[in-house]
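Trainee: How does the following fold in three dimensions:
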Amino acid sequence: MGKLTTNFQRMMKAADEKAYRDAQQRNYRHEIAGLPFVLIASRALAQTFGQIPGGGLLEAMAVAGHHKFLAPDYLFDESRFLNGIEWEHDVRGAIESASGLAEAMFQDQHWHLRLPKLSSNDVQMLKNDGINYPFKILTTTRNVLAKASSSQKSQFRDLFILLKGLLMTADWMASGLEDAEGPFQSSGHFLHVASGELSKQLRAKVERDRQERNDSTPYEGFRPFQEECGLAEGHVLAIAPTGSGKTEAACLWALRQAEQGRARKLFFLLPTMVTANSVQKRLVEFFETKQGHRVGLVHSTAELINNRMEGNDAERADVRADYLSESHFFPPVVVGTVDQLLVTLFHAGRWAMKTLAAADAAIVIDEIHAYDPHTAGLLVFLIEQLRDLGARFLVMSATMPKDLQTTIRKALEREPGACKSAVSFTLVEDNKFTDSARNVWSVSETPLTEWLTTTDRQGKPIPSDAFRELWSDTNERGEPIKILVVVNTVKRCQDLAKALREFRPVCYHSKFIFRDRCEKERRILDCKPYLLIATQVVEVSLELDYDVMLTECATFDALVQRAGRVNRFRRPVLGRIVVHPPEAGSEKVYGEPPGVLEASWDLCREHPGALTERDLLGFVEGAYDGRVLSDVAAYRDIQARVKDQQTRLAGVLDNPRPDEEDLKTRLESYPQVSVIPEPFFETVARQSDPRRRRLYELKVPVWYARTHKHKGDNPDDLPVCLMNYDAQYGGQLLAAPDHPEPGHEII
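Mentor: This is a model prediction of the structure:
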């Protein structure tokens with residue numbers, strides 16, 4: 001009905017671009033123009049079905065905010081409505097026609113809606129007070145919601161997610177009706193695969209993988225750990241060593257939820273973009289290639305994957321529609337980083353739409369140990385809110401201190417409310433390898449940098465004799481050994497790769513532009529380099545298999561994850577792990593909770609040898625002993641701030657700029673900003689599509705971006721930053737008097 005105004009119709013009937021721009025200047029937001037009719041319809045429903053929660057105000061806000069943000073400077077900016085509404089002379093007939101259509105749509109769904117006829121006074125009011133009346137409804141509604149109690153606002157939020165989420169989803173689907181197979185259609189957007197099909201496909205995949213590794217061990221079917229996950233009825237907390245088949249176990253669990261009618265989508269959420277990319281490729285092989293289910297990928301660079309910026313305008317438009325569909329969780333299977341759902345807590349973006357999609361999903365949160373207390377606090381809060389909306393969770397990791405287990409369990413097992421039934425909880429642990437060792441652990445008191453390198457007569461770092469001797473070793477198969485070196489900062493990673501360049505190492509960390517990072521990942525996974533020097537980006541979900549790992553000390557749970565990249569498939573001859581003391585910059589990575597890094601180093605020194613999985617889990621527990629997650633300030637602070645913000649927003653309003661309130665999904669010990677390395681300035685300046693500039697971005701500390709901003713001719717004011725860059729080593733920051741080694745501040 002809001003589109004029946006002369007303002008809107010003038011835009012739709014514009015004969016040319018000039019007329020359209022003129023009509024835009026005289027427009028009045030159609031979703032605001034329709035608010036009087038929302039209240040009329042709400043009152044009509046209340047007469048038939050009884051009082052509506054919020055008295056129709058929530059419906060009004062859902063309609064008002066389904067295009068523009070419900071926030072200051074957006075819909076609450078009165079200057080946007082100075083044009084006023086112009087109604088056609090036959091407004092009564094047009095509105096009655098639209099009312100009849102609405103009534104018929106309700107009737108199709110077996111709902112009785114009889115809208116009252118507009119009186120002469122109603123019509124006169126719409127014409128005479130068209131400037132102010134709809135805007136008054138908007139502002140009055142906001143004021144009423146703001147005065148509600150905290151418990152009322154929490155209830156408003158749940159209902160508003162349903163109302164606005166459904167409205168926006170329906171709006172997007174209706175916009176895609178020209179293409180019956182379009183990315184926003186509801187058909188095929190729900191999970192409908194039998195778990196037996198997964199069993200067949202998994203058997204074939206495992207047998208192919210074993211043939212590639214020349215492994216003659218026969219495949220015996222699902223492991224007990226995987227079967228137990230697949231039979232669980234409700235929420236699951238799964239703990240299993242690296243290489244236990246957690247991804248397949250999670251899929252079995254999700255399909256079980258779908259078969260029982262408890263979930264209609266599968267979301268797989270991971271700590272990093274590279275792990276999300278890796279898992280998405282694995283799930284595509286089964287769900288998409290074999291079953292025809294689209295598997296979406298959603299994170300900050302997902303749109304750049306697979307050359308999504310290439311092609312003509314029409315092709316890019318189709319790809320853009322696919323990306324919008326995936327990023328709002330339309331497909332039946334979506335893989336992404338946890339950040340994509342965490343931002344919904346801040347009421348950012350199309351948060352209601354994404355939250356609604358998650359409300360009936362089976363949600364897998366992998367590598368839960370990998371998050372600092374800030375992000376862990378957000379994840380626990382997200383679990384609590386989505387659990388009450390009906391989502392099912394499987395939370396899993398190779399290492400999980402008892403305190404974290406207790407925290408997750410409490411979040412999943414909260415007592416049900418009056419209208420909510422209890423959901424079962426199952427703890428699943430893989431005990432098959434509990435008392436077996438995969439690697440022999442030892443400690444070197446020499447810092448890793450000193451052990452790997454020495455200096456020549458000119459003072460330049462070169463490979464040490466100790467490393468040359470290690471490099472000449474062979475494994476039990478008579479092949480040259482594969483060596484993994486893991487350090488805690490980007491600069492150390494780069495320096496070591498340069499010093500050992502004669503051995504052709506792959507240098508891998510987070511500070512590469514998109515193109516080069518993709519090439520690094522391809523080379524690591526496909527070519528399996530004999531020497532990989534990396535930061536902690538290798539810790540999670542990458543299927544690596546090395547013979548020896550030399551690593552800086554990290555927290556013990558992180559060390560266990562790193563060690564999972566050595567002897568991954570448990571060959572009879574044990575792999576070797578050598579832990580070196582933490583070096584400069586490590587405290588920035590592992591400073592929270594305080595004392596865990598130091599305790600982990602002490603445990604490594606005190607307990608060398610062939611450590612079993614039971615030993616490793618015990619040492620993780622020992623490193624965190626007495627350090628309760630809920631006592632950490634960062635954990636408590638972010639939960640309190642988000643709860644306060646949701647209350648201030650009445651559970652309904654939007655926050656289009658959460659960064660201005662310093663609300664972020666990841667805690668940064670130093671603020672970072674995306675920049676374009678100066679060597680790519682000319683290339684980026686020639687790009688006609690601004691989105692393609694993201695292909696050349698990487699993040700640096702804010703202080704560095706300000707200090708080393710490119711001062712040359714920059715008409716577009718691009719965020720160009722001075723630094724050295726090459727495809728082999730990535731971005732290398734320039735030293736400053738007060739920051740002689742800035743690369744140690746990049747982790």
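
Trainee: in the host helix or strand of residue 374, what counts as buried?
Mentor: According to DSSP states H and E, residue 374 maps onto helix 373-388. Counting neighbours by 16 or more other C-beta atoms under 10 Å, one finds that the buried residues in helix 373-388 are 373-383, 385-387. Every residue, glycine included, has its C-beta placed from N, CA and C.

Trainee: Can I get those in TSV including pLDDT and distance to residue 409?
Mentor: Below are the buried residues of helix 373-388 laid out as TSV (pLDDT from 0 to 100; distance: C-beta to C-beta, whole Å):
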residue	pLDDT	distance to residue 409
373	88	18
374	92	21
375	93	19
376	93	14
377	95	16
378	96	18
379	96	14
380	96	11
381	96	15
382	96	16
383	96	11
385	93	17
386	95	16
387	93	12
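
Trainee: May I see those arranged in a markdown table, with distance to residue 238 as well?
Mentor: Putting the buried residues of helix 373-388 into a markdown table (distance: C-beta to C-beta, whole Å) gives the following:
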| residue | distance to residue 238 |
| --- | --- |
| 373 | 22 |
| 374 | 24 |
| 375 | 20 |
| 376 | 17 |
| 377 | 21 |
| 378 | 21 |
| 379 | 16 |
| 380 | 17 |
| 381 | 21 |
| 382 | 18 |
| 383 | 15 |
| 385 | 22 |
| 386 | 18 |
| 387 | 17 |
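
Trainee: which one of these is nearest residue 137?
Mentor: Of all these, residue 137 sits closest to residue 385, with 28.7 Å by C-beta to C-beta.

Trainee: Confirm for me that the closest one is in contact with residue 342.
Mentor: No - counting by C-beta atoms under 8 Å, residue 385 stays clear of residue 342, with 11.0 Å between them.

Trainee: hmm, back to that, what does the helix holding residue 374 rub up against?
Mentor: Helix 373-388 is contacted by residues 158, 235, 338, 341-342, 344-345, 355, 358-359, 363, 365, 368, 371, 393, 395, 404, 407-408, 411-412, 414, 417, 420, 423, 592-593, 629, 632, 634-639, 642-643, 665-667 when judged by C-beta atoms under 8 Å, 6 or more residues apart in numbering.

Trainee: Show me where the stretch 101-250 of the chain has its strands.
Mentor: 235-239 (DSSP state E, counting those that start in this stretch).

Trainee: Poorly predicted segments of it, please.
Mentor: Scanning the stretch 101-250 of the chain with the threshold set as pLDDT under 70 gives 125-132, 176-188, 195, 206, 209-210, 212-219.

Trainee: Across the sheet, point out what pairs with residue 610.
Mentor: On the basis of DSSP bridges, residue 610 is bridged to residue 440.

Trainee: pretty sure it contacts residue 436?
Mentor: No - if you go by C-beta under 8 Å, residue 610 and residue 436 don't touch, sitting 9.3 Å apart.

Trainee: now the helix holding residue 374, how far from the centre of its chain.
Mentor: Here helix 373-388 shows a centroid-to-chain-centroid distance of 13 Å under the convention C-alpha atoms, centre = their mean, to the nearest Å.

Trainee: Kindly export it (C-alpha atoms) in PDB.
Mentor: Taking Å, rounded to 0.1, in the frame of the first residue of the first chain, the C-alpha atoms of helix 373-388 are listed here in PDB:
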ATOM      1  CA  PRO A 373      38.100 -15.000  25.800                       C
ATOM      2  CA  HIS A 374      36.500 -12.000  23.900                       C
ATOM      3  CA  THR A 375      35.300 -14.100  21.000                       C
ATOM      4  CA  ALA A 376      34.400 -17.100  23.300                       C
ATOM      5  CA  GLY A 377      32.200 -14.700  25.300                       C
ATOM      6  CA  LEU A 378      30.300 -13.800  22.100                       C
ATOM      7  CA  LEU A 379      30.000 -17.400  21.000                       C
ATOM      8  CA  VAL A 380      28.500 -18.500  24.300                       C
ATOM      9  CA  PHE A 381      26.000 -15.600  24.200                       C
ATOM     10  CA  LEU A 382      25.200 -16.500  20.600                       C
ATOM     11  CA  ILE A 383      24.600 -20.100  21.500                       C
ATOM     12  CA  GLU A 384      22.200 -19.100  24.300                       C
ATOM     13  CA  GLN A 385      20.200 -16.800  22.100                       C
ATOM     14  CA  LEU A 386      19.900 -19.200  19.100                       C
ATOM     15  CA  ARG A 387      19.300 -22.200  21.300                       C
ATOM     16  CA  ASP A 388      16.100 -20.400  22.600                       C
END
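
Trainee: Tell me the strands beside the helix or strand just after that helix, with direction?
Mentor: Once helix 373-388 ends, the next helix or strand along the chain (criterion: DSSP H and E) is strand 392-397. Sheet pairing for strand 392-397, assigned by DSSP bridges, gives strand 235-239 (parallel), strand 361-366 (parallel).

Trainee: mind putting the ones you listed in a markdown table, mean neighbour count and distance to residue 742 included?
Mentor: Supplementary listing: the strands paired with strand 392-397 in a markdown table, determined by neighbours: other C-beta atoms under 10 Å; distance: least, C-beta to C-beta, whole Å:
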| stretch | mean neighbour count | distance to residue 742 |
| --- | --- | --- |
| strand 235-239 | 25 | 38 |
| strand 361-366 | 26 | 32 |
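
Trainee: Of all those strands, which one is nearest residue 571?
Mentor: strand 235-239 (23.4 Å).

Trainee: now the angle between helix 373-388 and the closest one, please.
Mentor: With axes from the mean of the first three to the mean of the last three C-alpha atoms, to 10 degrees defining the directions, strand 235-239 sits at 150 degrees from helix 373-388.

Trainee: Now do strand 235-239: everything it contacts.
Mentor: By C-beta under 8 Å, 6+ apart, strand 235-239 touches 225, 229, 246, 249-250, 253, 387, 392-400, 405, 408-409, 412-413, 423-430, 617.

Trainee: roughly how far is that strand from the heart of the chain?
Mentor: Per C-alpha atoms, centre = their mean, the centroid offset for strand 235-239 relative to its chain is 20 Å.

Trainee: Also stretch 235-244?
Mentor: The mean C-alpha position of stretch 235-244 is separated from the chain mean by 20 Å, C-alpha atoms, centre = their mean.

Trainee: Repeat that for stretch 321-332.
Mentor: 13 Å.

Trainee: Give me the distance between the two termini of it.
Mentor: Taking C-alpha to C-alpha, to the nearest Å, stretch 321-332 runs 16 Å from one end to the other.

Trainee: And for stretch 264-280?
Mentor: Note: stretch 264-280 ends 18 Å apart using C-alpha to C-alpha.

Trainee: tell me which residues in that stretch are buried?
Mentor: For stretch 264-280, by 16+ other C-beta under 10 Å, it's 264-280.

Trainee: helices and strands around the stretch of helix or strand residue 410 belongs to, which ones?
Mentor: Assigned by DSSP H and E, residue 410 belongs to helix 402-412. Other helices and strands packing on helix 402-412, by 3 or more C-beta pairs under 8 Å, 6 or more residues apart in numbering; DSSP states H and E, are strand 235-239, helix 373-388, strand 392-397, strand 425-429.
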